[in-house]
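Undergrad: Got a sequence here, can you build the structure:
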Amino acid sequence: MGKYFGTDGFRGEANKDLNFEHAIKIGRYIGWYYGKRLGKKAKVVIGKDTRRSSYMFEYALCTGLVASGADAYMMHVTTTPSVSYISRVDDFDCGIMISASHNPYYDNGIKIVNSNGEKMDEETLLRIEDYIDGKTEVPMAEREEIGRTIDYSSGRNRYIGYLIGLSKYSYKGVKVGLDCANGASWQIAKSVFDALGAKTYVINNEPDGYNINTDCGSTHIEHLQKFVVENKLDVGFAFDGDADRCLCVDEKGNVVTGDHIIYIYGLYMKERGKLVNNKVVTTVMSNFGLYKALDKVGIEYDKTKVGDKYVYENMVQTGNRIGGEQSGHIIFTKYATTGDGILTSIKMMEVMLAKEKPMSKLAEPVVFYPQVLKNVRVKSKPDAQNDPDVQAAVEQVGKELGDTGRILVRESGTEPVIRVMVEAGTEEICEKYVDQVIDVITKKGHLA
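TA: From the prediction side, this is the model:
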C-alpha cells in the first residue's frame, strides 16, 4: 500500500484527509498518463455514489482530466461494479468510482480501475502519488487538445441490461426485499428485480446525500431481517453504499453471510461440474464453520489475506471461479472482475429457483462457530508477531484446539494493533485461549 492509496482506493474524510485538490491532481495525472502512453486522447469513465461530497469530487476529477486532454464520461450515480463493467466492455482506458463504500456519509474515496475493470496496479498508483506530492510535473493540454465531459448515463442502462440478461429464471411469484442503503444501488437494484418479474419490496432507497449507510444496508442488516419477516418475504438482499457487497436474509429472518454464499454457490457449481479446481477462495477471516461445511462436501479452499483485492489476485493466478469475504464481497470471475452485490443476489436467486429450496435450507449446513477477537495495541507489530514465546503460545493453542476450532493472530493493516482471534465450540473456550496468548504478549513487554 502507498501513502494515499490503500487496498480499496484513496479514502478518508472529505476535504480533510481527501480533498478536491487531490481529486484534481488524480484527474490531471490520469488524463496525461493515458494520453501520453497511448498517443491519443484518453477516455475515462466516472461514477459516484450518493454522498453529498461525491458531486465535488466528480467535478474536480473532470476538471483535472479535461485539463490534461482526456475526455471524461460521466455515469453519475451508479455502482462500483457498473464502472468496472463499463470500463471493460466499452473500451475505456480506465474507470474511476467516487465512493467510500460502507463508510459514513462524511467520508469519501476515489477508486481507480484499469481497462479490464480490475483494480489499478500498484506501480501506476505510486506514480499518481508522486504527482500529488509534487515530485513530478504534468503539462496542461492546449487548444484542440483540451478534453471535454460527456454524459454517459447510457452506460448505467447497459449495465442494468447486462444483469437482467444473466438470470436464467423468471422471478414471477417470488417476494423479494431489497435494502439499498440509500446508496448507489437505489435506482438499479429494483429495476433489475422488477424486470425479472419479482414482487419487489424496497427500503432505504431515498438518498439525501447524508443518509448513505446510516442505520441501513449490509452494515445494519437487522432492519432488513425485520422487514422480511413482517412482510412474509421469500428472501431479502442488503447492499452497501456502492453495492459491491451483498448479504442475504432468509425467509425466517436469519442473516446469510458471505461465507454462506460462497458455500451455497460453490456447492451448486460442484454439483453441475462447473467448480474449476474443485476449489473456492476465502480470506483468513472466514468462519471455521465454513471450512467444516466445505470439508463435508469435498470442496477445497484457498485462504488469502483480508481484502477482496487479494481474493481476486488468487483467482487470476489459479483460475478459481468463486471467492470472497464474509462481509459479502463475492467475486464471480466468469461474470465480473470485482465484487458485485446485485450480481450476487441474482446468483443466489438462481440457486433457490434451480434447487427449489428456500434460502434457509441452502444455508443450513454452514454452522458458525463462536468467535472472540481482541485487539492488542503494541509498540511494534513485527516484534510482537515474531516473538518466539508468542509464536509458541499460538502453536500450543492450535494443538489444543485440534480440529474443534482455530486461532488466528495477525497484524492490523492500518493501526499499531495485533488482532488475536479464536473460534471454538463455546465462547468461554474462545475467551480462554485469546487471553492466554494476550498474557504472553503482555508479559514480554510488547504492549504500547
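
Undergrad: From now on I want contacts and neighbour counts done on CA atoms only, so please keep to that.
TA: OK.

Undergrad: Using the three-state scheme, assign Met285.
TA: coil (DSSP: H, G, I helix; E, B strand; the rest coil).

Undergrad: And for Gln385?
TA: Per three-state DSSP, Gln385 ends up helix.

Undergrad: again with Leu247
TA: Taken by three-state DSSP, the conformation at Leu247 corresponds to strand.

Undergrad: Could you do the one 4 residues further on as well?
TA: For Glu251, the secondary structure call by three-state DSSP comes out as coil.

Undergrad: May I have the one helix or strand Tyr265 maps to exported as PDB, CA atoms only?
TA: Assigned by DSSP states H and E, Tyr265 belongs to helix 258-271. Extracted in PDB, the C-alpha atoms of helix 258-271 (Å, rounded to 0.1, in the frame of the first residue of the first chain):
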ATOM      1  CA  GLY A 258     -20.600 -14.000   2.500                       C
ATOM      2  CA  ASP A 259     -19.300 -17.300   3.900                       C
ATOM      3  CA  HIS A 260     -22.700 -18.900   3.400                       C
ATOM      4  CA  ILE A 261     -22.900 -17.500  -0.100                       C
ATOM      5  CA  ILE A 262     -19.500 -19.000  -1.000                       C
ATOM      6  CA  TYR A 263     -20.700 -22.400   0.300                       C
ATOM      7  CA  ILE A 264     -24.100 -22.200  -1.400                       C
ATOM      8  CA  TYR A 265     -22.800 -21.200  -4.800                       C
ATOM      9  CA  GLY A 266     -19.600 -23.300  -4.600                       C
ATOM     10  CA  LEU A 267     -21.700 -26.400  -3.900                       C
ATOM     11  CA  TYR A 268     -24.100 -25.500  -6.800                       C
ATOM     12  CA  MET A 269     -21.100 -25.200  -9.100                       C
ATOM     13  CA  LYS A 270     -19.600 -28.500  -8.000                       C
ATOM     14  CA  GLU A 271     -22.900 -30.400  -8.500                       C
END
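
Undergrad: tell me the average confidence for it?
TA: The pLDDT scores in helix 258-271 average 98.

Undergrad: Low-confidence stretches in the stretch 1-150 of the chain?
TA: Scanning the stretch 1-150 of the chain for pLDDT under 70 picks out 1.

Undergrad: before we move on, what about the stretch 301-448 of the chain?
TA: In the stretch 301-448 of the chain (pLDDT under 70), the answer is 413-414.

Undergrad: Kindly recompute the last result at 80.
TA: Counting by pLDDT under 80, the stretch 301-448 of the chain contains low-confidence residues at 413-415.

Undergrad: Spell out the residue ranges of the helices in it.
TA: Taking DSSP state H, counting those that start in this stretch, the helices of the stretch 301-448 of the chain run over residues 308-318, 341-355, 359-363, 381-386, 388-401, 427-443.

Undergrad: I'd like these as JSON lines, with mean neighbour count appended.
TA: Rendered in JSON lines, the data for the helices of the stretch 301-448 of the chain read as follows (neighbours: other CA atoms under 10 Å):
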{"stretch": "helix 308-318", "mean neighbour count": "18"}
{"stretch": "helix 341-355", "mean neighbour count": "20"}
{"stretch": "helix 359-363", "mean neighbour count": "19"}
{"stretch": "helix 381-386", "mean neighbour count": "16"}
{"stretch": "helix 388-401", "mean neighbour count": "16"}
{"stretch": "helix 427-443", "mean neighbour count": "18"}
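
Undergrad: With distance to Leu267 as added columns, please give those in a markdown table.
TA: Converted to a markdown table, the helices of the stretch 301-448 of the chain look like this (distance: least, CA to CA, whole Å):
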| stretch | distance to Leu267 |
| --- | --- |
| helix 308-318 | 17 |
| helix 341-355 | 10 |
| helix 359-363 | 10 |
| helix 381-386 | 36 |
| helix 388-401 | 27 |
| helix 427-443 | 29 |
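
Undergrad: who wins for proximity to Tyr268 among those helices?
TA: Tyr268 lies closest to helix 341-355 among the helices of the stretch 301-448 of the chain, at 6.9 Å (CA to CA).

Undergrad: tilt between the closest one and helix 258-271?
TA: Relative orientation of helix 341-355 and helix 258-271, computed by axes from the mean of the first three to the mean of the last three CA atoms, to 10 degrees: 50 degrees.

Undergrad: for the longest helix along the chain, packing partners?
TA: For the chain, the helix with the greatest residue count under DSSP state H is helix 20-38. Where contact means 3 or more CA pairs under 8 Å, 6 or more residues apart in numbering; DSSP states H and E, helix 20-38 is packed against helix 53-67, helix 122-132.

Undergrad: gap between it and the chain center?
TA: Chain-centre distance of helix 20-38: 25 Å, with CA atoms, centre = their mean, to the nearest Å.

Undergrad: Tabulate the CA atom coordinates of whatever helix or strand comes next after that helix in PDB.
TA: Remark: after helix 20-38, the chain's next helix or strand is strand 43-48, criterion DSSP H and E. What follows is strand 43-48, C-alpha atoms only, in PDB (Å, rounded to 0.1, in the frame of the first residue of the first chain):
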ATOM      1  CA  LYS A  43     -11.200   8.100 -22.400                       C
ATOM      2  CA  VAL A  44     -12.100   7.800 -18.800                       C
ATOM      3  CA  VAL A  45     -15.500   6.800 -17.300                       C
ATOM      4  CA  ILE A  46     -16.500   8.100 -13.900                       C
ATOM      5  CA  GLY A  47     -19.300   7.000 -11.500                       C
ATOM      6  CA  LYS A  48     -20.200   8.200  -8.000                       C
END
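
Undergrad: Centroid-nearest residue for the chain?
TA: His329 (4.2 Å; CA atoms, centre = their mean).

Undergrad: circling back: for the longest helix of the chain, buried residues please.
TA: 20, 22-35 (16 or more other CA atoms under 10 Å).

Undergrad: And stretch 220-231, by the same measure?
TA: His220, Ile221, Glu222, His223, Leu224, Gln225, Phe227, Val228, Val229.

Undergrad: so where does the fifth one fall, helix or strand?
TA: Following DSSP H and E, the helix or strand that holds Leu224 is helix 222-230.

Undergrad: Now do that helix: which elements does it pack against?
TA: Using 3+ CA pairs under 8 Å, 6+ apart: helix 222-230 touches strand 175-179, strand 235-239, strand 246-249.

Undergrad: Quick one, which of the helices of the stretch 301-448 of the chain gets closest to Asp302.
TA: Comparison of the helices of the stretch 301-448 of the chain against Asp302 by CA to CA identifies helix 308-318 as nearest, at 8.3 Å.

Undergrad: what does that closest one contact?
TA: With contact meaning CA atoms under 8 Å, 6 or more residues apart in numbering, helix 308-318 is reached by 7-8, 119, 281-283, 304-305, 320-325, 329, 331, 333, 337-339.

Undergrad: Which of the residues you listed fall within strands?
TA: Counting by DSSP state E, the contacts of helix 308-318 place Val281, Thr282, Thr283, Thr304, Ile322, Gly323, Gly324, Ile331 in strands.

Undergrad: give me the number of residues near the nearest residue to the residue nearest to the centre of the chain once chain neighbours are set aside?
TA: Excluding the flanking residues, the one nearest His329 by CA to CA, 6 or more residues apart in numbering is Arg245, at 4.4 Å. Using other CA atoms under 10 Å, Arg245 has 31 other residues around it.
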